[in-house]
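1. Let's see this in three dimensions:
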Amino acid sequence: MTTMATPTQSAPDATAPVYNPKSESAGAKRAKSIAFHVAALILTAIVLYPGLWMIASAFKPNSEIGGGNTSLWSENFSLDNFVTAMDGIGGVSTLQFFTNSLVLAIGAVVGTILSASVSAYAFARIKFPGRGLFFGMMIATLLLPFHVVIIPQYIIFQQLGLVDTYIPLLIGKFLAADAFFVFLMVQFMRGLPAELDEAARIDGAGHVRIFGSIMLPLMKPALISTSIFSFIWSWNDFLGPLLYLNTPEKYPLPLALRLFQDQTQSSDYGAMIAMSVLALLPVLIFFLVFQRYIVEGVSTQGLKG
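-> As a prediction, this is how the structure comes out:
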């Protein structure tokens with residue numbers, strides 16, 4: 001009886017490289033992550049560069065502003081532009097321009113909060129005939145360009161003798177004319193439990209008590225988001241004051257910035273840029289203080305109906 005010899009297996013070479021798919025996958029992920037962050041930093045630098053250039057130019061003399069000079073660095077840094085900007089223009093102090101902008105912005109915030117919240121409560125919690133129709137008509141106004149109603153509104157305010165006053169700029173805020181904010185609060189209220197209203201009615205509370213004691217405290221994120229957007233939009237508004245204001249003493253900051261360019265043939269760009277930097281500070285501070293409420297107020301309930 002013969003036996004067949006089995007071939008012997010040689011031991012693996014310890015010096016040969018071992019293929020590890022996990023290590024290769026980890027290396028590829030690391031490379032993709034590095035490439036992503038590098039691209040994100042480059043895009044961030046591109047987006048932030050205009051703002052950085054504006055801040056740097058506020059400290060430059062007029063001779064170094066414009067003319068293709070895009071450098072951030074200057075050997076002649078000074079505060080002369082800020083001194084000129086704070087002196088005011090046309091006999092009106094810069095503090096007066098800031099006060100005018102602050103009056104308009106605070107008035108817009110107060111009016112929008114009061115009118116939009118009350119209107120939103122009516123659409124979200126009170127059942128009345130034609131509620132859906134009126135709500136749809138309100139939403140349809142979002143599709144109407146502002147430029148379509150400029151001339152009719154101006155004629156109305158002129159006939160009422162309200163031109164060169166702040167009333168045309170603020171009356172719409174107190175009449176819930178901003179459909180976006182009404183829609184935002186309606187969607188937020190629809191996400192609140194209806195059992196809260198029912199429990200309050202059992203205790204004898206009416207709509208005023210329910211709105212003031214239950215709804216408003218729960219609507220804090222939506223109210224703060226509305227305040228932020230309303231403040232920023234009013235602070236940066238240029239077209240509205242340009243149409244209705246004629247007296248320089250009533251001008252807000254956006255119109256005051258234009259004066260630095262129109263007052264003489266040689267525009268003082270340094271002072272104009274310095275005032276632009278100063279005008280950004282209130283908006284930036286307001287945004288940084290309340291920024292954590294923006295996403296919560298806008299996206300908490302989304303488009304839940």
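
2. Am I right that K173 is in contact with W233?
-> No. The pair K173 and W233 fails to qualify as a contact (C-beta atoms under 8 Å) at a distance of 10.3 Å. Where you see a C-beta, it was placed from the backbone N, CA and C, and this is true even at glycine.

3. shared neighbours, these two?
-> In terms of C-beta atoms under 8 Å, 6 or more residues apart in numbering, K173 and W233 are both contacted by the residues A108.

4. Give me the more crowded residue out of those two.
-> K173 (23 against 15; other C-beta atoms under 10 Å).

5. Now do the same contact list for that one.
-> With contacts taken as C-beta under 8 Å, 6+ apart, K173 has the following neighbours: 107-108, 110-112, 115, 230.

6. Just the buried ones among those residues, please.
-> Among the contacts of K173, those classed as buried by 16 or more other C-beta atoms under 10 Å are 107-108, 111-112, 115, 230.

7. In JSON lines: those residues, plus secondary structure, pLDDT and distance to L196.
-> Shown next, in JSON lines, are the buried ones among the contacts of K173 (DSSP: H, G, I helix; E, B strand; the rest coil; pLDDT from 0 to 100; distance: C-beta to C-beta, whole Å):
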{"residue": "G107", "secondary structure": "helix", "pLDDT": "95", "distance to L196": "32"}
{"residue": "A108", "secondary structure": "helix", "pLDDT": "95", "distance to L196": "30"}
{"residue": "G111", "secondary structure": "helix", "pLDDT": "95", "distance to L196": "27"}
{"residue": "T112", "secondary structure": "helix", "pLDDT": "95", "distance to L196": "24"}
{"residue": "S115", "secondary structure": "helix", "pLDDT": "94", "distance to L196": "23"}
{"residue": "S230", "secondary structure": "helix", "pLDDT": "92", "distance to L196": "27"}
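
8. on that earlier part again, format the contacts of K173 as CSV; extra columns: distance to L284.
-> Output for the contacts of K173, formatted as CSV (distance: C-beta to C-beta, whole Å):
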residue, distance to L284
G107, 21
A108, 18
V110, 21
G111, 23
T112, 21
S115, 27
S230, 16
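
9. before we move on, the earlier item: got the buried ones among the contacts of K173 as CSV, with distance to A85 columns?
-> Output for the buried ones among the contacts of K173, formatted as CSV (distance: C-beta to C-beta, whole Å):
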residue, distance to A85
G107, 25
A108, 25
G111, 30
T112, 30
S115, 35
S230, 26
